[in-house]
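>>> Starting from these lines, generate the structure:
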Amino acid sequence: MSPDPFTVGTRGSQLAMTQSRWAAEAVSRAGGAPYELVTVRTEGDVLTGPLSQLGGTGVFATALRARVLDGDVDLAVHSLKDLPTASVEGLEIAALPAREDPRDALCARDGLTLDELPAGARVGTGSPRRVAQLRALRPDLTIVDIRGNVGTRLNRVAPADPGDLDAVVLAASGLLRLGLEGRITQYLDPHLMLPAPGQGALALEVRANLDPDSALAHGLTAVDDLPTRLAVTAERTVLATLEAGCAAPVGTYARAVDGTLELDVVVANPDGSEVMRRSVSVADAGLDDAVALGRDVAEDLLAHDAGRLAGLGL
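Predicted structure coming up:
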């Protein structure tokens with residue numbers, strides 16, 4: 001007798017559908033159960049205006065989480081960078097599949113790189129983190145706040161119609177998952193621009209009382225990736241300790257190198273005029289070590305006035 005299908009809640013954007021289908025198929029193959037996608041409309045899909053003013057982190061996650069808690073769907077697939085660091089009672093992030101490229105990507109007209117953009121070039125992004133780091137690197141650029149899905153943002157780059165921007169900065173992971181890597185004119189090295197905590201990773205969230213013997217539970221266990229979990233645990237602990245959300249100019253990048261977990265962090269003034277950076281590491285790291293690494297570097301930053309610098313309200 002075949003296992004019952006599990007239902008997967010997803011936002012309706014092309015990227016969300018692509019990510020959710022990819023994750024659901026991986027879990028389905030590993031656990032042996034079929035799946036069904038259920039589209040959920042979220043607050044972030046309805047509201048307009050700058051993302052930093054729409055309630056910050058969680059604006060895309062709340063409706064999906066409610067549907068899981070209510071039992072309407074069995075599994076929600078989130079972009080981890082959009083997920084609040086605080087846990088939700090009754091829910092569990094059961095799997096973090098292997099992370100896609102966490103870097104930011106520049107998509108510019110005429111194949112230009114960041115260094116090649118002319119003075120005054122108009123660069124679009126909806127992320128205060130990217131704004132701060134762009135302004136620190138190129139204070140001569142004109143930064144334009146933008147919203148919309150990946151296609152909408154790319155279509156604003158000249159010579160496309162309406163073509164009012166010279167470039168946009170997007171997550172490389174989303175472009176790669178959509179097969180749009182050809183639009184990338186430069187992958188922004190983390191030494192230039194640190195990504196958002198959890199960027200490139202997907203969080204697969206279920207009810208905490210999920211039957212551990214179910215096909216869904218077995219599938220989730222199989223797709224969970226320990227190196228990814230270690231890296232994003234360190235990154236999100238930084239964010240949690242700073243009490244910052246997606247509206248804060250905070251960037252992180254953790255990765256396992258030859259058995260050592262390395263973590264880079266940047267906290268910036270929103271206008272890019274002042275930047276604080278830290279690089280730390282721990283050998284033979286487990287999850288507790290990843291938490292300690294993120295907490296310790298965040299506390300060091302706070303002790304050096306990072307809260308004032310980034311306007312964290314601490």
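
>>> Show me the strands in the stretch 151-300 of the chain, by range?
With strands called from DSSP state E, counting those that start in this stretch, the stretch 151-300 of the chain shows them at 167-171, 186-188, 202-207, 250-257, 260-268, 275-283.

>>> now these in TSV, with mean neighbour count, distance to Ser28 and mean pLDDT?
(Each C-beta comes from the backbone N, C-alpha and C, glycine too.) Below are the strands of the stretch 151-300 of the chain laid out as TSV (neighbours: other C-beta atoms under 10 Å; distance: least, C-beta to C-beta, whole Å; pLDDT from 0 to 100):
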stretch	mean neighbour count	distance to Ser28	mean pLDDT
strand 167-171	25	25	98
strand 186-188	20	31	98
strand 202-207	22	12	98
strand 250-257	22	28	95
strand 260-268	23	31	97
strand 275-283	15	36	96
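
>>> could I get these as a markdown table with distance to Arg41?
Below are the strands of the stretch 151-300 of the chain laid out as a markdown table (distance: least, C-beta to C-beta, whole Å):
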| stretch | distance to Arg41 |
| --- | --- |
| strand 167-171 | 22 |
| strand 186-188 | 32 |
| strand 202-207 | 18 |
| strand 250-257 | 29 |
| strand 260-268 | 34 |
| strand 275-283 | 38 |
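
>>> Tell me which of the ones you listed sits nearest to Gly90.
strand 202-207 (6.2 Å; C-beta to C-beta).

>>> Tell me the gap between that closest one and the middle of its chain.
14 Å (C-alpha atoms, centre = their mean, to the nearest Å).

>>> What is it packed up against?
helix 14-31, helix 62-69, strand 75-79, strand 91-95, helix 215-223 (3 or more C-beta pairs under 8 Å, 6 or more residues apart in numbering; DSSP states H and E).

>>> rewinding a little: just so I know, which of the strands of the stretch 151-300 of the chain lies nearest Val150?
strand 167-171 (6.4 Å).

>>> So which residues make contact with the closest one?
Counting contacts by C-beta atoms under 8 Å, 6 or more residues apart in numbering, the residues outside strand 167-171 that touch it are 81, 104-109, 112, 117, 121-125, 127, 130, 134, 146, 150, 153-154, 156-157, 185, 188, 193, 195-196, 199-200.

>>> List the pairing partners of that strand within its sheet, with orientation.
Strands that pair with strand 167-171, judged by DSSP bridges, come out as strand 104-108 (antiparallel), strand 122-125 (parallel).

>>> which of those strands is buried the deepest?
Ranked by mean neighbour count under mean count of other C-beta atoms under 10 Å, those are led by strand 104-108, which reaches a mean of 24.

>>> taking the mean pLDDT, what do you get for that one?
Averaging pLDDT along strand 104-108 gives 98.

>>> Name the residues that touch that strand?
Contacts of strand 104-108 (C-beta under 8 Å, 6+ apart): 113-114, 116-117, 130, 154, 157, 166-172, 175, 183-188, 193, 195, 199.

>>> in the stretch 101-250 of the chain, which ranges drop under the pLDDT threshold?
160-162, 246 (pLDDT under 70).

>>> Domain ranges for the protein, per the record?
6-97+201-224, 104-188, 231-304 (automatic domain parsing).

>>> got CSV for the ones you listed, with distance to Ala310 too?
Output for these, formatted as CSV (distance: least, C-beta to C-beta, whole Å):
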stretch, distance to Ala310
domain 6-97+201-224, 13
domain 104-188, 8
domain 231-304, 5
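
>>> what's the closest of those to Gly311?
domain 231-304 (6.3 Å).

>>> Quick one: end-to-end distance for the closest one.
24 Å (C-alpha to C-alpha, to the nearest Å).

>>> How far off centre is it?
Relative to its parent chain, domain 231-304 has a centroid offset of 15 Å by C-alpha atoms, centre = their mean.

>>> Next: stretch 67-86.
14 Å.

>>> Same check on stretch 98-109?
11 Å.

>>> Likewise for stretch 297-310?
The answer for stretch 297-310 is 22 Å, by C-alpha atoms, centre = their mean.

>>> Also stretch 35-43?
19 Å.

>>> And for stretch 95-105?
So, by C-alpha atoms, centre = their mean, the centroid of stretch 95-105 is 8 Å from its chain's centroid.

>>> do stretch 12-19 as well
That offset, for stretch 12-19, works out to 14 Å (C-alpha atoms, centre = their mean).

>>> Which positions in it come out as buried?
Ser13, Leu15, Ala16, Thr18, Gln19 (16 or more other C-beta atoms under 10 Å).

>>> Looking at those residues, which is nearest Thr39?
Out of the buried residues of stretch 12-19, the member with the shortest distance to Thr39 (by C-beta to C-beta) is Ala16, at 8.8 Å.

>>> got a pLDDT number for that closest one?
Predicted confidence (pLDDT) for Ala16: 95.

>>> Nearest residue to it in space, please, no chain neighbours.
Thr10 (5.2 Å; C-beta to C-beta, 6 or more residues apart in numbering).

>>> got a pLDDT number for the one you found?
pLDDT, read off for Thr10, is 94.
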